[in-house]
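*Asks:* Give me coordinates for this.
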Amino acid sequence: MNRENTLVEALGIEFTELSPERVVATMPVNDKTRQPFGILHGGASVALAETVASVGTYNLVDQKTEACAGLEINANHIKSKKDGVVTAIGTPLHKGRTTMVWDIKIVDEEENLICISRCTMAILKLRK
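*Replies:* Take a look at the predicted model:
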């Protein structure tokens, strides 16, 4: 996966696990991911969640003939975080031919729930 000059690189997202049933990635809570009031930006959490769903979906499609793109995402921000690292754990709820739906939980170092998200991914046929 190319991270260079992408949002993944800018936010410091690192993947630690990738399987058909689970994707895990971490992101630092720092100046790049905080909002102006000093806590983790909700948009950074959503970007982390969609990144996990995107990589998870791409891992499951035929990469020679298919691609994927986010179709819908929602998030509930449960707890704030000022610094450290958050971890996103994504699991597929639905693996269809044209869409996949992912559940993503973002937790802190003590497994406290920071954010819960659901992301629907479109599976796209590549043009020849």
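
*Asks:* Every contact and neighbour count from this point should use C-alpha atoms.
*Replies:* OK.

*Asks:* List the contacts of the longest helix along the chain.
*Replies:* Longest helix in the chain, counting residues (DSSP state H): helix 42-60. If you take C-alpha atoms under 8 Å, 6 or more residues apart in numbering as the criterion, helix 42-60 is touched by 8, 11, 13, 18-20, 22-25, 27, 33-34, 67-70, 73-75, 77, 88-90, 100, 102, 104-106, 115, 117, 119, 121.

*Asks:* ok, now stretch 18-33?
*Replies:* 10-17, 39-41, 44, 48, 52-53, 55-56, 59-60, 81-92.

*Asks:* Weed out the non-buried ones from those residues.
*Replies:* Listed as buried from those are 11-15, 39-41, 44, 48, 52-53, 55-56, 59, 81-83, 86-92; burial here means 16 or more other C-alpha atoms under 10 Å.

*Asks:* if we can go back for a sec, check the offset of the longest helix of the chain from the chain's centre.
*Replies:* 2 Å (C-alpha atoms, centre = their mean, to the nearest Å).

*Asks:* How about stretch 25-41?
*Replies:* With C-alpha atoms, centre = their mean as the basis, stretch 25-41 stands 15 Å off its chain's centre.

*Asks:* how about the CA coordinates for that stretch, as CSV?
*Replies:* C-alpha atoms of stretch 25-41 as CSV (Å, rounded to 0.1, in the frame of the first residue of the first chain):
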residue,chain,number,x,y,z
ALA,A,25,-4.5,0.2,12.7
THR,A,26,-3.1,2.8,15.1
MET,A,27,-2.9,6.6,15.0
PRO,A,28,-1.1,9.0,17.3
VAL,A,29,-3.0,11.7,19.1
ASN,A,30,-0.8,14.7,18.5
ASP,A,31,-0.8,18.2,16.9
LYS,A,32,-1.7,16.7,13.5
THR,A,33,-4.8,14.9,14.8
ARG,A,34,-6.0,17.3,17.5
GLN,A,35,-8.7,19.9,17.1
PRO,A,36,-8.1,23.5,18.2
PHE,A,37,-9.3,22.7,21.7
GLY,A,38,-6.6,20.2,22.4
ILE,A,39,-8.4,16.9,22.0
LEU,A,40,-8.6,14.3,19.2
HIS,A,41,-10.4,15.7,16.2
